[in-house]
Every structure is written in structure tokens, then in C-alpha cells.
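need coordinates for the following:
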Amino acid sequence: MPNKISIKLRLYDRLKSTNESIRIIEKITNSCRRNRLPNELNENYMLNLEIKPKEGLGTILFGEIPENLAKILGQPETAEDIRTDDDLKTTILSYPEQGITVFLEGLIEPIVSNFDVDNENATLFGVKVFTKTEAEIKQLMLDNGYKVFEEDEEEWGEKRLSCDDALMDFYFIEGKLAAVNWGVYIKDDGTIDSTI
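Numbering: from 1, shown residues only. Below is the predicted model of the structure:
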């Protein structure tokens, strides 16, 4: 399982820190106070951990607003804002108990743009992906119409298998899947770029 440092190292390669998370945290916190979360209403509530390339995670779709995200996942344990050189703001919401990190992007109103999951119950195309080898994951992607792969060794020791046409990265530590990261591109106007 990757630690918070390895997740941040993946991000800090292209992003820079800022101190603007208060507004997002307040929105999410206020939404949580107004709306009881499903897992508070039903102790048997099971979070849907189905990885959907270019769509989202379970019932959380790319393009979702923070208020709706809070209804499903609750309040994040941590929230951090990062700003890129092109002034695109990214907010990183961490839910370590669920094994989920959610990324919100947008110049004005942020929306869900990316997920990083290390929860071993996550499924991809109906298969528990964390039980699969690198070769089996490649074959699973091929069987579902994805074929552009790139491999690289990260500075922090993880091996990355990228499936560019799915906008997905699989991270391995000592041959075992440690995390899956996938997302979409967000245009300057805050909408999803579906041309990629």
C-alpha cells in the first residue's frame, strides 16, 4: 500500500502548494452537516469501489461537485490545495480509511477530475484488480479495448504501468499492485475534455 508521501511525490512532480483549501473544506463540511451520509444512516452501507475508466469510481462520476462527493464519502481526513503554473487549482481530498484520494480541479468551481485508490476491494471490469499481477492487469485492459501501455520506474521506487488511452496508471511495489490512479482532463472553463 503506498503511503501519503508516495502519493504526494506523484503529484508534486507537476503541481505546487498553496493555502486556499479553506473554502473547499468549508463547503464539504457544511454539506456534511446538512446531509446525513449514507454510511451514517445504514451501518451496512458498502461503498461502491468499481473503477470506471474515464467515468469515475462507483457512483461518483468525473465532473461531480464537492457537495455531492461529501454526501457519498463524507468529510475528508485531509484537504490540500495545489496550483499549477497555468493557474489551474487542484484540491486533494484524502480518505485513508476508505483507501481513496479524490482530486478536484477547476479555475472557478472545482469538480472531480481524478482518483487514486489503494483499497484492495476495488474492482476493474468486475475483477478485484489488487489480486492481479501486472501481466493479468495488462490482459484485462487489452480484453476491454485499451492497448497503449508505457512502463517506468519512479524515483520513489514504484513501478508505473500507464494505459494512456484509459488515462490510468497502475503502481507496483515489488511486483504487487499498490495503487490505481485514473482521471480525465479538465478544460479551462471547468468542464471535462471528452476529446481525449
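
how about E158, nearest residue that isn't a chain neighbour?
Y171 (4.5 Å; C-beta to C-beta, 6 or more residues apart in numbering). Backbone N, C-alpha and C define where each C-beta goes, glycine included.

quick check: bridge partners of the one you found?
R160, A179 (DSSP bridges).

do I have it right that it meets G157?
No - look at Y171 against G157 with C-beta atoms under 8 Å: they stay out of range, at 10.0 Å.

more neighbours, the two?
Under the neighbour definition other C-beta atoms under 10 Å, Y171 and G157 were set side by side, and Y171 has more, 24 against 13.

which pLDDT value goes with the residue most central in space within the chain?
Centroid-nearest residue in the chain, with C-alpha atoms, centre = their mean: F115, separated by 0.7 Å. F115 is assigned 98 on the pLDDT scale.

where does it sit: helix, strand or coil?
strand (DSSP: H, G, I helix; E, B strand; the rest coil).

what about it, distance to D143?
Distance, F115 to D143, using C-beta to C-beta, to the nearest Å: 22 Å.

same question, E153
26 Å.

before we move on, what about E158?
Separation of E158 from D143 (C-beta to C-beta): 25 Å.

what does V127 give?
10 Å.

what of L177?
Distance from L177 to D143, by C-beta to C-beta: 17 Å.

what's the closest non-adjacent residue to F149?
Excluding the flanking residues, the one nearest F149 by C-beta to C-beta, 6+ apart is C163, at 5.9 Å.

could you report the neighbour count for the one you found?
20.

kindly report the same for I72.
I72 sits with 17 neighbouring residues when counted by other C-beta under 10 Å.
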